[in-house]
Structures are given as structure tokens and as C-alpha cells.
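Enquirer: Okay, predicted coordinates and the sequence, questions at the end:
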Amino acid sequence: MAYATEQKPLLGKFRLKSTLTVETGLHIGGGGDNLDIGGLDKPVIRNPLDRYPYLPGSSIKGKLRSILERLLNKPLNRAGGSDTYRYESDDLEDGYSEVGRGNNSQLIFFTGAKHCPVSRLFGSTGAICWIEEQIARDRGLVGNKAQLKTIDNKSYALIKGRNAPARLIVRDCHLTEDSIAQLKQIDTGLYMTEWKFENGIDRITSAANPRQVERVPAGSKFNFEIIYTVENPEQAEEDLRNIAIALAILEDDALGGHGSRGYGKISFQNFEFFYRSMEQYRQIVAGNASFAPIQQAKNTPELLETFGTLNEEIRKMLPGDES
């Protein structure tokens with residue numbers, strides 16, 4: 001049972017900072033305060049203390065995860081709400097998810113969260129799944145009355161999969177001071193945002209169905225920050241490269257709702273890459289620790305072009321794999 005109590009290593013923290021610029025009006029929805037006649041159908045999310053619009057880290061993280069799942073061609077093995085499916089590593093070890101019931105069930109192979117690039121970064125919630133019987137018994141996950149199934153001429157046991165915490169933290173993005181000053185000066189009838197009036201047209205009767213969407217205006221700038229926890233030096237390079245690629249793809253996609261109608265185009269500028277080891281954290285008390293950037297880039301193309309240099313800096317700072 002040593003596996004159940006094994007502590008994850010903590011070798012250091014990477015921090016990536018950038019400025020996120022809204023290139024076209026952006027909508028990430030929040031709950032409306034009221035239902036006034038003529039009011040907004042779709043308000044944006046705001047900080048309740050100062051009423052400033054912000055970009056939730058959960059929305060950005062979910063978009064980055066979706067991009068990486070498609071980039072790495074991950075299968076859809078977990079049913080979600082509203083007839084949607086997503087990808088999960090249902091356990092730490094490789095195994096099979098069972099989707100559907102009875103004669104309509106389907107076995108879908110998944111890569112265990114210990115090895116899966118998506119689950120390492122974004123985490124994974126365990127679910128009922130099949131893993132090799134011997135592995136399940138070695139880990140103490142099944143008893144004598146385990147439910148077994150033969151898959152590809154190997155014996156698999158049905159288990160309750162284990163969770164894997166995310167290595168990546170995506171912060172909420174708040175407006176820069178310059179953007180706050182600019183947005184306070186606009187006069188749209190809304191506080192620091194804009195109205196977008198749209199019409200849905202009935203194809204049969206040509207009747208209009210008007211709606212009003214609130215958007216963060218184009219040109220708004222937000223402080224963007226993500227944190228990556230280093231647990232395995234050999235996996236850190238791949239994980240950081242996947243983050244950089246996902247950010248570049250996000251620029252050619254859309255953030256928030258209604259992306260196919262022109263909303264949510266964003267760009268990143270002025271990247272700064274920081275690293276702090278555990279030894280540097282220990283030196284903070286003595287006042288000897290520094291947190292200077294180890295890499296800078298003006299935009300995502302430059303970040304990708306210089307990633308080889310960044311990897312060299314990463315290798316110098318990371319300890320050897322002591323596992």
C-alpha cells in the first residue's frame with residue numbers, strides 16, 4: 001500500500017507572465033443582476049467588489065485543455081452534461097474506459113495520468129475503469145472478489161480510478177491599469193464594456209429575435225499569468241513546450257463565447273519566463289533569492305522560435321531525476 005501514501009515531489013515552480021490583448025469584442029458570461037425589460041440578455045462576468053470585467057482562469061484553462069486534447073488526438077472517453085464528451089485519464093495507470101451500457105458499451109483506451117501530457121498539466125478525475133489485474137493487485141486497488149475482464153488477451157480488473165492533481169495553475173486575468181483608465185472614459189451606456197446588438201432571423205417567417213450581448217471592448221489588456229509545478233525534470237520540457245504551442249493555437253482560435261461570429265480573438269505580448277527552485281525559496285528568508293526572468297519574448301512566434309534557448313536554461317536549473 002506504499003503507493004497510496006507516496007508524496008509527489010516538488011522541485012520548483014515556473015511562472016509565465018504576459019499581456020493578453022483583446023483583439024475583437026470578447027464575451028465570457030456572468031449571471032445577470034436582474035431581468036429588467038430591455039436589459040442585457042448576456043452580461044459579462046465582473047469582479048463584485050469593483051465591477052471591473054475580468055477573464056476567469058477556469059475559462060482560459062478549459063480552452064487550453066481542449067486545444068491540447070485535439071492537438072494530441074486524445075479520445076473522448078468521459079460523458080459530460082448536455083450530451084457532450086471529453087477526455088480524461090480515468091486512473092494514474094494506462095487502462096480502458098467503458099462508455100455506454102450493455103450491448104452499446106464501448107471500451108476506449110486511455111493513457112494513465114502519470115504519463116499523459118494532458119492530464120499532467122490539467123489534472124484528471126478518476127472514474128470506474130479497467131486496468132491490468134496484476135497492476136491493480138500490486139497497488140492494492142482490488143480484493144479477492146475483483147470483477148475481471150479479458151482485453152487483448154490480458155486480464156483487467158474493474159477499479160475506481162484515482163485522481164491526478166494539475167501541475168498547471170491559470171490565474172484569473174485582471175485589467176491593466178492603463179486599460180482601466182481607458183475603459184472608464186468610454187460612454188456606451190455600460191460600465192467599462194460595450195453592447196453588441198444581434199438578431200436571430202426565423203427562416204420561415206422572417207421574424208426577428210433580437211438579443212443584446214455585453215462584450216469587453218477590443219483593445220482591452222489584461223495581466224496574464226500561469227504557474228507550472230515541476231515534479232519530473234524529464235517531463236518539464238515537454239509540458240512547457242505544449243503550453244507554448246497551446247497559447248499560439250489559442251491566438252488563432254477564440255476565447256469565450258460566439259467565437260465563430262467574430263468574438264474573442266486575443267493575442268499575447270511581452271512574455272517573461274521565471275523559475276524558482278526549492279533552494280531559492282529557502283533563501284527568501286535570508287533575502288538572497290532573486291526572481292529575474294530567464295527568458296523574454298515579444299510575442300508567441302518569438303517564444304516558439306526561442307524555445308530551444310529556453311530549454312537550455314531549463315536544463316541548467318532543473319535538478320537531475322532522482323526518482
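Expert: Structure's in. What do you need?
Enquirer: from here on, contacts and neighbour counts on C-alpha atoms
Expert: OK.
Enquirer: Least confident secondary structure element in this structure?
Expert: None of the helices or strands of the chain scores lower by mean pLDDT, DSSP states H and E than helix 307-317, at a mean of 77.
Enquirer: chain center to it: distance?
Expert: Between the centre of helix 307-317 and the centre of its host chain there is 23 Å, according to Cα atoms, centre = their mean, to the nearest Å.
Enquirer: for stretch 48-65, same thing?
Expert: That offset, for stretch 48-65, works out to 12 Å (Cα atoms, centre = their mean).
Enquirer: Please apply the same query to stretch 274-285.
Expert: Relative to the chain's own centre, stretch 274-285 is displaced by 26 Å; criterion: Cα atoms, centre = their mean.
Enquirer: Output that stretch as PDB, restricted to C-alpha atoms.
Expert: What follows is stretch 274-285 as a C-alpha-only set of coordinates in PDB (Å, rounded to 0.1, in the frame of the first residue of the first chain):
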ATOM      1  CA  PHE A 274      10.700  32.900 -14.400                       C
ATOM      2  CA  TYR A 275      11.900  29.900 -12.500                       C
ATOM      3  CA  ARG A 276      12.500  29.400  -8.800                       C
ATOM      4  CA  SER A 277      13.900  26.300  -7.300                       C
ATOM      5  CA  MET A 278      13.200  24.900  -3.800                       C
ATOM      6  CA  GLU A 279      16.600  26.200  -2.700                       C
ATOM      7  CA  GLN A 280      15.700  29.700  -3.900                       C
ATOM      8  CA  TYR A 281      12.500  29.500  -1.900                       C
ATOM      9  CA  ARG A 282      14.600  28.600   1.200                       C
ATOM     10  CA  GLN A 283      16.800  31.600   0.600                       C
ATOM     11  CA  ILE A 284      13.900  34.000   0.600                       C
ATOM     12  CA  VAL A 285      14.100  34.400   4.400                       C
END
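Enquirer: Report the rounded mean pLDDT for that stretch.
Expert: Per-residue pLDDT over stretch 274-285 has a mean of 82.
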